[in-house]
Structure formats: C-alpha cells, structure tokens
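J.: My questions are about this predicted structure, shown below with the sequence.
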Amino acid sequence: MSRLEARLEPSRAMMLASPLIAAAAMLVSGSLLFSFLGQEPLHAFYVYFIKPASTAYGIGELLLKATPLILCGVGLALGFRASVWNIGADGQLTVGAIAGGCVALYFQDVEAVWLVPLMLLAGALGGMAWAAIPALLRTRFNTSEILVSLMLVYVAYLLLSYLVHGPLRDPDGFNFPQSRMFHDAALLPLLFEGLRTNAAFPLSLVLVGGAWFFCARTFAGYRMQVSGMAPAAAAYAGFSEKRNVWLGFMLSGGLAGLAGVGEVAGPIGQLQSSVSPGYGFAAIIVAYVGRLHPLGVVLAAVLMSLLYIGGESAQMELQLPSAITGLFQGLLLFYLLAADLFIHYRFKPAARVSALPAASGGNAA
Amino acid sequence: MTIDDLIPFLASTAGAATPLILAATGELVTERAGVLNLGVEGMMLTGAVAGFGVTLVTGSATLGLLAAMGAAMAVALIFAVLTLSLQTNQVATGLALTLFGVGLSAFAGKGLAGQTVEPLPRIFIPFLSDLPFVGPLLFRFDGLVYAALLLVVAVGWGLAHSRPGLILRAIGESPDSAHAIGYPVIALRYAAVLFGGALAGLAGAYMSMVLTPMWVEGMTAGRGWIALALVVFATWKPRGVVLGAYLFGGVTVLQFHGQGLGLAIPSEFLSMLPYLATIAVLVFISRDAHTILLNKPMSLGVSFRADH
Amino acid sequence: MSEAVSVVPSVRPEPRLQLLGISKAYPSVVANDRIDLTVMPGEIHAVLGENGAGKSTLMKIIYGVTRPDAGEMLWDGRQVRITSPSAARSLGIGMVFQHFSVFETLSVVENISLSLDERVPLAELAPRIRTVSEEYGLPLDPYRLVHSMSVGERQRVEIVRCLLQSPRLLIMDEPTSVLTPQAVQTLFASLRRLAAEGCSILYISHKLDEIQSLCDKATVLRAGRVSGIANPREETTGSLAELMIGKELPACRMTPRTPGEVRLALHGLSLPSDDPFGTDLHDISLTVHSGEIVGIAGVSGNGQQELLKALSGERRLDQAAAVQLCGVDAGRMDPAQRRQIGLGFVPEERLGRGAVPALSLADNALLTGHVQACGTGMVHRGLIQSGAVGSFARKVIEHFKVKCGGSSALASSLSGGNLQKFIVGRETLLAPKVMVVAQPTWGVDIGASMLIRQAIIDLRDQGVAVLVVSEELDELFMMCDHLAVIADGRLSRRVPVSETSVDRIGVWMSGNFTDRTDATPSTGVRHHVPA
C-alpha cells in the first residue's frame, strides 16, 4: 500500500470514470468467463451485451426492465446519501405490488381513468408503510435498519405467497398460485405499438428529475447529504437524525412501492407468487454504480437491465445459465468499489520514489 | 401434543441452530477485530454450493467441508482486500459480497439441483444414545453439532484469556493505538475476516450437506443475516450466540413441526417467524443503547489506514 | 555500554541518539526537512516548536511508527534502521504518545502486557506494575479498567509501560496538556529522577516555561526544519519564541470593560452522560454576561464534552430552565432553535463536526448559516439560495484571512488553523448574542491562534457573551475576564482572572473547590491584566 498516496482533494474525474472502469472490467472478466465456459468469447459477448439491444423490441425490453431499477435505485440513492441503509427495497416493492394489486382486484368491474393513479398511490403508500417499520424501529429503539429492512423482505415474500395461495387466488385459475388477470383499465398504458414499455418508464424519468432537484436545490436534500457525510456535523447544525431516517425510508419505500405496481400493472398483469427477480437488491448496485446521483442511476439502471436481458439471451442462444447475471452484477459492484480507491488515492509518481534514497545500511534492529 | 412430538422438534432444533452458531461465531470474531462483514449470507451460499458440489463429485464429506471453507474464505478474501487494503466502505462492500455470493452460487450450482448426498453420520454412543429422552435429545447428532459448541467455548475462552484474543480486542477497540505500539493491524484483520469466512462456509455446507441435504438456489434464505443479528443479540459475547442460535433454531423448525405441535396456522405465517423473531430480539436488545455502546467493538465498521 | 569501550579517548561520551538529515514528506506538506538531532545519555532534551512544525512526525520516526523518506539514525554510535515500534523498544526506546495509545476497554495490566515484547503472565506482571509505578511516584492499580481512569492516570499507564522496559531513551510527546499544574511538577520530578539514572529524555512541547524549567538542551523546529539549538536555561522566553516562530510572541489587545445583562445562564444542570465511558454532569450553575469572556478550565475528560453538548443543544435536556439563552428557557431546544435565539458555537472537532470535510466552504457556510434569524437569506422556502451562500462564504474567507482556494475549496483541503479561522469566522459573522467556543486554538499555529483569540475578544467588546472552554491555562488567563473550573462533572464558582492564580486554578482542577480564601464577592469592579 505504500505505493499509494492520498490525493489532496478527491478526484472528480475519477469519480465519473470509476463506473466506466468498473463496467469495462466487468465486460473483460465476462469475456474471460465466456471463454472459460468454452464459448467463443466475441460471439458470446455479442449475444450477451449487444444483440439484446440491437432491435426496437430489445430496446423496449431494456427500458421496461430498467424502469423498476430506476425507481428503486433512485430511492435507495437518496437514502444511501444520508447513510440510511434501506436494503429491503425488494420487500417494499413486493408490498407495493400487493397494495396496487388489491386495488385492481377490488375495482375489477370499474373502467375508469382514476384506477391506475389510485393503484400507483396505493403502491407507493404500501411501500412506505413497509419502509415505515424499519424507520420506526430505528428511530424509536435504535434498531439496525439494515437487518430489519432485510428481514422484512422475506416476510413480504411470504405474505405475497400466502395471498396468492389463499385469499387472492384466481377461483378459475386451476389452483395456480396467482390472482386473476387485471382488466385493461388496471393496466399501465403501453407507449408504442408492439413494445411492452409502458407509462411507468416516463413516470420514472419524471421522478428522477424530481429527485435531482431535491438533491441539488432543496435544503432538505442538503440536510440529508450532510447527515450521510458527517453525522456529528448534522447534529451540530441541528439537523434531526430521526427526520433524516424517516425521509430516507419514506422516499425509497414509496419509490420501491411504485416499482411494484409498475410490474404487476405492466408486464406481469396479475399478482403471482413472485413479482421481482430481485430488482430491489440489484437496485443497491444501481445506486452505487450511479454514484448515488439521480441521473447516474438512470444510466446504471440501463446497464443492469442489459445484464438481465443479456442473461436471458445467453440462456436461449448459448445454453449458459441465466444465473450468470447475478454473478456479473456482483462483479460490477466489486470493481466499482475497487476503482473508487483512485478517487482518494493515486499511485506515487515513480520519479519521486527513486529520488528518495532508502534509509539503508546498518542492521535492522 | 405429547412428549413424543416434542422430542423430534427439540432434536431438529439443534440441527437448525448449528449453522447459525458457526456463522455467528465467525462473524463475532471478525467484528471483534473491528470489521463489519455484511456478506455472511453470500459466504454461506458459496460454502453451501462448494461443499455440496465437492461432496457429490468426490463422495467425501471431509473434502466437501474443506472445500466449503476454502471457497468461502476465497470470497471473504475479496472483501478483505477491498475493505482492508483498498479501504472501501464496509457496509457497501459487505452488501456487494452478499450479492456476489448469491450470483456466484446460483451460477456454480446450476448442474447440482435435484441431486442429493449422504448426510454426515450421526455419532452413536453406546448406552448414552439409547437412553430414553436424553438419548435422542443429546447423544444422536453428527459431529458438527458438538464441534460448533466446542468452538464457541474455545472462542469464548480465547477472546477472554489468550494473548491473540487480547490483541484482537485491542485492534477492535483502537486500531490506531494498536498500530502505534507496533501491531500489524491490517494483517490481523485479514486473519479475522478469513476466520469468519471459513466458519460461514462451514455453516453453509452444513445446510446443503446435512440439513436438506441438497442444493437449492438461495437456500440459506436469510440465515446469514440472522447470524449477523445474533452477534448483536449476543452483545458480541460467544455464549450469547449459543442461546440465540438455539432460540432461532427452534423458531425455524417450528414450521416443519407446526402441525405435529397442533398449530393451525398457514405455513407462510410460521415461515415468517424466524424473521419476525429476529426483528423482535433486535428491538429488545438495541432499545438499551447503553448496553450496545458498552459492548460493541469501538472501531466496528471504521476503515483504518496506517500512515507511513 | 559502547561508550565505555570507545577506542577514541574522549571527554564526551557517545551520543545516545543521533539523527542525520531525516526527511519526511506527505503529499500536502514536508513534515521534516533534513533534521539533525543529538541526544546525550541522561540528557533531558527538548524538541520545541509550534503546532505543525513537525515534532510529532519526527518522534514517530524515531519510534518506528513512521518511516523516513531519507536520513540516518545512529544509536550509541551505530547506524540503525528502526522499522517498527517493537524494534525501537528492543533498542530501549519508549514513547508516551500525545493522544494516548491505551485501550479503554482493557485493564491496566492488559494494556501494559500488549506493549511488552516478552510474554509475561498477567499474574506476574501486575505486582511488577505496582512496584515500578510506586517507585517513580506514579501509583497505579493494575486491575482497573482504563476507561474508569482520568486522563492523567492514563498517561501514567503509558509512562509505566515504558519504565517496565528499563528505557534508555524516553520520548514524551506534549505530556503536560492533560495534567494540572501540580501534577506537572510531580511528573517533572519523576523525569529528573529517570534522567539521573542515565535515561535520556526527549521532551516535546510548545510550552516555553516548562522547557526552561526541565530541559538541559533544546532543538527548535520551525516549519519542518531545525531553526536552532539552545540551552533553554540561558535563553529568555522571547529569544526562544524568536527561534520557534521567527518573531516575538504576539499578544492580544484587551481592555477592561463593564459587562451588561445576563445572556447565558445555567441553573442546577445535571445530566448523565450518553457515552458509557463519559462523565456525568452534577448541578452545574453559571452565568455569562453580555460583554464578558468566561473561561472554563479543566483537564480533558472531566465533563467538558457533555457540558458543551448540553449548551449547544446536541444533547437536549428534560428541564427547559436548566439552560437559559437571552432570557429564554432553552433546555429542550435543538441546536437550530438555540441558534435562532442567538447562540453561536465553535466545537472542538473541526473536521466532521464544525465542518463537513467533503463539502465546499460555501456548503459549510450553509451548515449553520441557514438559520433564519441570522438574516443571511441562504434558504428561501426550502430552496438553497446559492448566491447568498457563496457571498457569505467569501465574506468569511476575506474577513478572517482564511488561506484556501476560494469558496469552492473543500473543507478537508484546509490546514487546521485555516479551517478553524473559517469556522470561528462563520459563527462570528452570523452575529451571535452568546458565543460558546471549545478549544479555540487546539492544534493551531501561533499566527492563527492570535487572530482567533483577538476575534473572540472583539466579539466581547461588541457586547456578546462569550464562554470559552479550554485545556490551555495560559490561553484562558490571556483572554478571559472570569474563570471557572470543571472537575469530575462539577463546576466551580467563577472568579475574576485578576483575583486568582495558576496555582489556585490548578488546585481546583484536581476537584478540590473547597478553599474559600479568595471568597471576595464577584460583583464590584473588575480588574483586568492583559497578558
């Protein structure tokens, strides 16, 4: 480590470059892995990373899968900036899906324009309610929000499983654990003919804009940033830690809940025993790779979405296990964390090292 | 409900508690050195898939267990390099380790689903194992159940009375002071992280090789996180880990014995119990901030860099 | 010993330690630039220099904690390379650190065992600790946990830890900042005795009077270089200061002033510490008037942190009336609400509390400048007004001569002294009615110290009520109208500076407030003797 020295100021260039370095490193290790698995690396690379995004339909799918990642990722980024460690976004997404789904099923005969907004509202409130539990326990009893929010993910999964096996099961569904299909008025409108991309995507971009404004311009955003960077300074300035924790959880929980509605009122169209392939966890990576910045989150979400779609494409064409996606996601975050070292450190210029004679001679004591 | 229903319930509690004891004891040592490794879940999954796979291929459970520890130590090493040498944020890196372990194990275990291995042999002690009640409750387990308990005793004694234990506690309290009087803080923390990794791997292997015994994607189902909670519950003291692990073991197996015990509740709700119980005990322990502050290693989660 | 068998007959024995051309550079600063230093056996040798002159780095190099970039080290005339503290210890070098390297959760004997390179069972070590500590007049109970001990006692642990290894060179880094004046004399007696036994002592300090009373020789550092070598007993304070900072010690301008109404009042403030290793406050009462500076002296760890948090609002109280600001019961208010009624506060920790390291100076101006009552207009309807924030930050930088790369420079890029000027400046320009300052010049170079002290005195002259908490008695005597002492969570009554002495305050600092010899009424005419 002595070859490294601290920079006087963190490097802004590295701050922007490090996600790119991480992505490049991940692509390189991906290619190595492909060749290790007996694939022609360039072909596998093409099938995994290029081909899925080379058609209009593919791009539509890319944006479709990016949407929940953007929503969860931007929420988590807001929380992480304030050191509010919500890692239970997948649970909040699930509860949001349940809440939105219940609204759809309750109004199954209603054909009205207010239905989808009401579902979105219910989903956001559901996610917030689920996020309120770790927030309450943290602020009231000082309980680790990391562990509580994570535990609640499993509870949410089981709750959904119970509902689709029991009370919400489609009576005409041959005992499959799923609800009846939502009727058209309870589905998000599609954006383009022939693509599955729906209105949740533009909605997520609007919310990203809002999040950016919140971070950059509002005093509340500043308070959260200070709380994350230097808790003692936040206390000194009189920023309430409780308010900070609550705000972090409400924002991230609400956005995750919206993502849940986006899934069940979008590509899924009903409640099933699972509504997320781990978007809430992948969003942790999205938030970091996006530098905890709302706009960065959008780019990171698209990259992660590509990993999901590429995994499916590789499974179909190359018979590679789709689980490779998870491996790439993990690698991406590792590489990012490693590359971030160079924001604060740099290699000592070689010239200076040689200019300084070592304090040598004599016996080491 | 009769005694006959209760005995299998209590006996399987020991099985469910063992991986928690192993993983939590490993994490406890890591945390006492001042490092918070949230990647227990990922390390357990890595150990579970490696142990199961190697046992399946070689037919040797011993090799399987060694492979589990080795594989988990390898991923723990990634965490150690990042947090200790490159000073990344421990929380973020731990999350990354869990996500990586989930992905890696799912990928590596693709061909292993649906197969099964012979579980570890149970140790039958003539006479003792045949005793009524006491025999099935205490003397019919596999070696790891006993080994886990011995390990806790050894770690507990070592932390309190041995010189390495003293040094470990010193590093966990103040790495700067330890560095100033000449201890290789980073190297010792590496050792602590790897120790935690080895035990997490063993814990995962116990699940895939003994409890189920098969490989299922994501099969640890949050046990790694419960182990992390157990360390807090135990206020960083090994003996508390045993108590907590048996408590959770009991709650975990309740879902399988629920009907035998006469509980008419949907199975999903019984399955929620370990998670809800974790939350409940965390609240119970942490509402007393004073106790936590007194016992928590003072440098936990804080990066250390020696300036020279 | 090597000097006894030296081939060349010489009146002078071989130096115990000799440094030749030691250099050490950090990216931001050259801490040591070609330093030469010679220490003779049995000599008490001062290394004198102001904060930031490079003393601590040099000592860490000698003790093997830090590696030099260049230079040579001779021990008893032989060239050595000290690569670790344990290598230093095996040569016979012991070090007492400024920020102690003791472990609070461990017992005395465990602490000492950790730094012994030989393995001694604790049961054998404990009686040795008892014997040695009593022999040198520094008694210690080996089985006590360190967190229950005072700072002075913790220092004893460090000293005894070194003594057990029969050191031939003992390094003391700023040892007296944690001691009462009386305890300083006890320490000096122990050190003189050690030196008489042949142990060399390197005594690091910036306090001229101490060095003059204790040391045989002084090497003076300025900005990383040796600026002179002197016999301190033959020098005047002025000539030593000249070597240390290149000029006479500057003084503050302070004229007597009649104080006005009560601005800050504490009534029977009792508070259990929220830190399990902290100090509880007991029945603290104090008033500070408009236009006066009240100083609180005390050895660190006697409740200062807790008192300051109770004052700032970082720790809220149950009884609203326990803290009154400008006549308002403020005990239950949070820091922002207290600022709203006119509180300004400069905390001890600059990076991470008084300022956010990773934010710009402008953003750090917003940290406390957002308070509406200060009228800076930095926040309007929940939105940050970056124009107002930037211009306020620039005003602070300009008025307080903060050396930095403008208002967009990160707080972490500033030197300690400049950041302290920025924080004091920010709090000052927010026009407080009551100002609380903790350790105003801790770790700050003399130039900045004087600017900061003068700024605080100017506030008093504008009618602000000022409370200064400091561990530096000299500083308190220099800038305060009244003094009180905190010891073990209790506060003495306040006395006019002109009617007390360093010795009496020293007695109070050990917790003994009972002497009533100076029980003159504290109202009446105030005399002030500028330092």
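T.: Cool, got the structure.
J.: and the gap between C:Gly425 and C:Gly387?
T.: In this structure, C:Gly425 and C:Gly387 are 19 Å apart, going by Cβ to Cβ, to the nearest Å. Any C-beta I mention is one placed from the backbone N, CA and C, and that applies to glycine too.
J.: Give me the more crowded residue out of these two.
T.: More neighbours surround C:Gly425 than the other of C:Gly425 and C:Gly387, with 24 against 10 (other Cβ atoms under 10 Å in any protein chain shown).
J.: On the pLDDT front, check B:Thr252 for me.
T.: At B:Thr252, the predicted lDDT confidence score is 86.
J.: Sorry, wrong one. I was asking about A:Leu356.
T.: 36.
J.: again with C:Gly198
T.: For C:Gly198, pLDDT reads 93.
J.: Tell me who's in contact with it.
T.: C:41-42, C:168 (Cβ atoms under 8 Å, 6 or more residues apart in numbering or on different chains).
J.: and the helix or strand B:Val29 falls within, anywhere near chain C?
T.: Under the criterion DSSP states H and E, the helix or strand holding B:Val29 is helix B:3-32. No. On the criterion Cβ under 8 Å from any Cβ of the partner chain, helix B:3-32 is out of touch with chain C, staying 10.8 Å away.
J.: what helices or strands is that helix leaning on?
T.: Secondary-structure packing of helix B:3-32 (3 or more Cβ pairs under 8 Å, 6 or more residues apart in numbering or on different chains; DSSP states H and E): helix B:40-58, helix B:134-138, helix B:143-161, helix B:163-173, helix B:185-206, helix B:223-233, helix B:238-257.
J.: Distance to C:Ser23 added to those helices, as a markdown table?
T.: Listed next are those as a markdown table, based on distance: least, Cβ to Cβ, whole Å:
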| stretch | distance to C:Ser23 |
| --- | --- |
| helix B:40-58 | 45 |
| helix B:134-138 | 68 |
| helix B:143-161 | 43 |
| helix B:163-173 | 31 |
| helix B:185-206 | 26 |
| helix B:223-233 | 46 |
| helix B:238-257 | 48 |
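J.: mind checking how far the spatially most central residue of chain C is from C:Val469?
T.: Nearest residue to the geometric centre of chain C (Cα atoms, centre = their mean): C:Trp442, 5.0 Å. Noted for C:Trp442: a distance of 11 Å to C:Val469, by Cβ to Cβ.
J.: Low-confidence stretches in the chain?
T.: Reading this off chain A. Along chain A, segments meeting pLDDT under 70 span A:1-3, A:348-365.
J.: Actually, chain B is the one I wanted.
T.: Low-confidence segments of chain B, defined by pLDDT under 70: B:1-5, B:133-135, B:137, B:139-140, B:258-262, B:307-308.
J.: Can you report phi and psi for the residue nearest to the centre of chain C?
T.: phi -60, psi 120 (degrees, to the nearest 10).
J.: burial count for the closest residue in space to it that isn't next to it in sequence?
T.: Leaving aside its sequence neighbours, C:Trp442 sits nearest to C:Glu348 (Cβ to Cβ, 6 or more residues apart in numbering or on different chains; 6.5 Å). Using other Cβ under 10 Å, C:Glu348 has 19 other residues around it.
J.: close enough to count as contact, C:Glu348 and C:Gln439?
T.: Yes. Contact criterion Cβ atoms under 8 Å: C:Glu348 and C:Gln439 qualify, at 4.5 Å.
J.: which of the contacts of C:Gly198 count as buried?
T.: For those, a burial check counting by 16 or more other Cβ atoms under 10 Å in any protein chain shown picks out C:41-42, C:168.
J.: Looking at those residues, spot the one nearest C:Leu451.
T.: C:Gly42 (41.4 Å; Cβ to Cβ).
J.: Check which helices and strands the helix or strand hosting A:Leu251 sits against.
T.: Taking DSSP H and E as the criterion, A:Leu251 maps to helix A:241-263. Packed against helix A:241-263 by the contact rule (3+ Cβ pairs under 8 Å, 6+ apart) you find helix A:56-81, helix A:89-106, helix A:115-141, helix A:200-217, helix A:219-229, helix A:231-237, helix A:279-289.
J.: pLDDT score assigned to the residue nearest to C:Trp442?
T.: Confidence score, pLDDT, at C:Glu348: 92.
J.: would it count as being in a strand?
T.: No. Counting by DSSP: H, G, I helix; E, B strand; the rest coil, C:Glu348 is located in no strand; its state is coil.
J.: Tell me the helices and strands packed up against the helix or strand of chain C with the lowest mean pLDDT.
T.: Ranking every helix and strand in chain C by mean pLDDT, DSSP states H and E puts helix C:237-245 at the bottom, with a mean of 87. Secondary-structure packing of helix C:237-245 (3+ Cβ pairs under 8 Å, 6+ apart): strand C:44-48, helix C:208-214, strand C:217-222, strand C:225-230, helix C:446-461.
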